[in-house]
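Participant: predicted model, plus sequence, below.
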Amino acid sequence: MDRFYSDDQRMVRETARKLSDDVVAPAAAAIDRDDVFPRAVYEALAEQGLFGIPLPEVAGGVGLDAVTACIVMEEIARGSGAVGNAFAIPVEAALFLHHHGTAEQQKLIAGIVEGKLIPATAVTEPDHGSDVAAMTTTARRDGDDYIIKGTKAWVTFGQVADVVMVFAKTDPDAGHRGISCILVETDRPGVIRGKSEDLLGMHGLAECMLTFDEVRVPVTNLIGAEHGAFKMAMENFNFSRLMMSSMALGMAQAAMEDAVAYAHDRKQFGKPIFQHQAVQFMIADMAKDISAARLLIHHAARLYDAGHPIAQEAAQAKLFTTDMAQVHISNALQIHGGNGYSREFRVERLFRDVRLSQIYEGTNQIQRMIIARQVQKAYT
Ligand SMILES: Cc1cc2nc3c(=O)[nH]c(=O)nc-3n(C[C@H](O)[C@H](O)[C@H](O)COP(=O)(O)OP(=O)(O)OC[C@H]3O[C@@H](n4cnc5c(N)ncnc54)[C@H](O)[C@@H]3O)c2cc1C
């Protein structure tokens, strides 16, 4: 596959791989154990300019493309799924502001790309997840301000974010056509951070609930068109699903590498377990599905870079990759036998971390709904 990469893509991949091997992977177990936001690792990614990969140079980015962002994500997540997840947040926030922000708001991009301004996105609510249009957080107009009221759930980086892109109803009676996106600085009065969520995996990402108790922000903090944020969020999902797919891919790749190494070292019945066909077949299936996932992701990313709509392709990549990663990381754990169930071995962490990828950025049930809708459109 990498034979088709451009020189730039190969160079950036080498940079990301080295950073992943030298900085990310060695920190991964401690991030998992301590469950504290890994600021030093985050800053190391920023120092290499990785948060600006898909942004044009004029916007303060590196001027590469979505394919390259996917390649970098795979490498980072190979070292740590949680750091891969952390990598996605500023990349997506900077891109979102580049596409939809005012000139003033776009000045924030530099801080995000440099890792100095930590962003978060708040869509989900305690009672409204997949059904985004049913959200109840409101932003009512009061002169030149909005007053935001409501509670958002599961906000990644919620505990550490400097700015949050909050999705709220500016017209509560208009369903998905009444949602706006408003930038909220977290030091504003009325922003209340909940306790850090105690999660199965993906530790260190400072997820929490955020309550907005009559938070007053100027109308100039509106991102994009008033009432237009549902469409912006759905378009943003196209890119973010490629990021999540690449994250799961990197974790599956790491698990396969570990399984192969372990199967060569571990002997049972007088030979390395790799020589037992049942083990070989698990590894063969991993290699096949990892290759297929990479093709699906890169195909969708190329279409995205060429400006095509990719709702179906992004959903297919997300669904296929995250499902296959969950199955094959479980099989990699199986190949480790009892050791796979121990925290001593990386595959145990991969097994916990990857599970999230089937749940967020739209659950995999929602991905199937998107794909089915597109297929129906194409064939009826
Ligand atoms: C660790 C973590 C980090 C997150 N980070 C963020 C973040 O930064 N910002 C943010 O806004 N959100 C974030 N989320 C929220 C995440 O996007 C939601 O959890 C996800 O969209 C699912 O919503 P829900 O949890 O409310 O599940 P629900 O929507 O309640 O779904 C529950 C189950 O029902 C199924 N279901 C629901 N509707 C249908 C349907 N129509 N057809 C078939 N099945 C259906 C779902 O697939 C799922 O299996 C995060 C979540 C987690 C766990």
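Facilitator: Received the coordinates, thanks.

Participant: for A120, what are its contacts?
Facilitator: Neighbouring residues of A120 by C-beta atoms under 8 Å, 6 or more residues apart in numbering: I89, A93, V155, T156, F157, G158, A161, V163, V164, M165, L210. For glycine as for every other residue, the C-beta is placed from the backbone atoms N, C-alpha and C.

Participant: after the helix or strand that contains the first one, which helix or strand is next?
Facilitator: Counting by DSSP states H and E, the secondary-structure element that holds I89 is helix 81-100. Per DSSP H and E, the first helix or strand lying C-terminal to helix 81-100 is helix 103-106.

Participant: in that next one, what counts as buried?
Facilitator: Q105, Q106 (16 or more other C-beta atoms under 10 Å).

Participant: what residues sit buried inside the helix or strand just after it?
Facilitator: Sequence-wise, the next helix or strand downstream of helix 103-106 (DSSP H and E) is helix 108-113. Across helix 108-113, burial judged by 16+ other C-beta under 10 Å covers L108, I109, G111, I112, V113.

Participant: which non-adjacent residue is nearest the third one?
Facilitator: Taking C-beta to C-beta, 6 or more residues apart in numbering, and ignoring the residues beside it in sequence, G111 has L117 as its nearest neighbour in space, at 3.3 Å.

Participant: all helices of this protein, in order?
Facilitator: Secondary structure of the chain (DSSP state H): helices at 7-19, 25-34, 39-47, 66-79, 81-100, 103-106, 108-113, 229-265, 277-305, 311-335, 346-354, 364-379.

Participant: same list, those helices, but as JSON lines with distance to M135 and mean pLDDT please.
Facilitator: Shown next, in JSON lines, are the helices of the chain (distance: least, C-beta to C-beta, whole Å; pLDDT from 0 to 100):
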{"stretch": "helix 7-19", "distance to M135": "35", "mean pLDDT": "95"}
{"stretch": "helix 25-34", "distance to M135": "31", "mean pLDDT": "98"}
{"stretch": "helix 39-47", "distance to M135": "29", "mean pLDDT": "98"}
{"stretch": "helix 66-79", "distance to M135": "28", "mean pLDDT": "98"}
{"stretch": "helix 81-100", "distance to M135": "18", "mean pLDDT": "98"}
{"stretch": "helix 103-106", "distance to M135": "22", "mean pLDDT": "97"}
{"stretch": "helix 108-113", "distance to M135": "24", "mean pLDDT": "98"}
{"stretch": "helix 229-265", "distance to M135": "10", "mean pLDDT": "97"}
{"stretch": "helix 277-305", "distance to M135": "26", "mean pLDDT": "98"}
{"stretch": "helix 311-335", "distance to M135": "21", "mean pLDDT": "98"}
{"stretch": "helix 346-354", "distance to M135": "28", "mean pLDDT": "98"}
{"stretch": "helix 364-379", "distance to M135": "15", "mean pLDDT": "98"}
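
Participant: please report how far E125 lies from V36.
Facilitator: Using C-beta to C-beta, to the nearest Å, one gets 26 Å for the distance from E125 to V36.

Participant: for the stretch 101-250 of the chain, which residues are neighbours of the ligand?
Facilitator: T121, A122, V123, T124, G129, S130, W154, V155, T156, L199, M202, E207 (C-beta under 6 Å from any ligand atom).

Participant: now do the contacts for the second one.
Facilitator: With contact taken as C-beta under 8 Å, 6+ apart, A122 is in contact with K152, V155, G158, V164, M165, V166, F167, L210.

Participant: check the fourth one too.
Facilitator: Under the criterion of C-beta under 8 Å, 6+ apart, the contact list for T124 reads V132, K152, A153, W154, V155.

Participant: any residues touching stretch 311-324, and which ones?
Facilitator: Stretch 311-324 is contacted by residues 234, 237-239, 241-242, 244-246, 248-249, 252, 289-290, 292-293, 296-297, 299-300, 303-304, 354, 357-358, 361-362, 364, 367-368, 370-371, 374-375 when judged by C-beta under 8 Å, 6+ apart.

Participant: again with stretch 138-147
Facilitator: 148-150, 166, 168-170, 172, 180, 182, 214-219, 221-222.

Participant: and the residues you listed, which of them are buried?
Facilitator: Among these, those classed as buried by neighbour count (16+ other C-beta under 10 Å) are 148-150, 166, 168-170, 180, 182, 215, 217, 221-222.

Participant: so how far is stretch 79-86 off the chain centroid?
Facilitator: Offset of stretch 79-86 from its chain centre (C-alpha atoms, centre = their mean, to the nearest Å): 9 Å.

Participant: quick check: buried residues in it?
Facilitator: Within stretch 79-86, the residues scored as buried using 16+ other C-beta under 10 Å are G79, S80, G81, A82, V83, G84, N85, A86.

Participant: most tightly surrounded among the helices of the chain?
Facilitator: When the helices of the chain are scored by mean count of other C-beta atoms under 10 Å, the highest mean neighbour count falls to helix 66-79 (a mean of 28).

Participant: next one: that one to chain centre, how far?
Facilitator: Using C-alpha atoms, centre = their mean, the offset of helix 66-79 from its chain centre is 11 Å.

Participant: against which helices or strands is that helix packed?
Facilitator: The contact analysis (3 or more C-beta pairs under 8 Å, 6 or more residues apart in numbering; DSSP states H and E) places helix 66-79 against helix 7-19, helix 25-34, helix 81-100, helix 229-265, helix 277-305.

Participant: columns distance to A325 on top of the ones you listed, output as a markdown table?
Facilitator: Below are the helices and strands packed on helix 66-79 laid out as a markdown table (distance: least, C-beta to C-beta, whole Å):
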| stretch | distance to A325 |
| --- | --- |
| helix 7-19 | 19 |
| helix 25-34 | 16 |
| helix 81-100 | 10 |
| helix 229-265 | 4 |
| helix 277-305 | 8 |
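
Participant: if I pick the residue of the chain found nearest the ligand, what's in contact with it?
Facilitator: With C-beta to the nearest ligand atom as the measure, G129 is the residue of the chain nearest to the ligand, at 1.8 Å. Shown in contact with G129 (C-beta under 8 Å, 6+ apart): A153.

Participant: mind listing the strands for the stretch 101-250 of the chain?
Facilitator: Remark: strands assigned in the stretch 101-250 of the chain by DSSP state E, counting those that start in this stretch are 119-122, 138-142, 145-155, 163-169, 179-185, 191-193, 208-218, 222-223.
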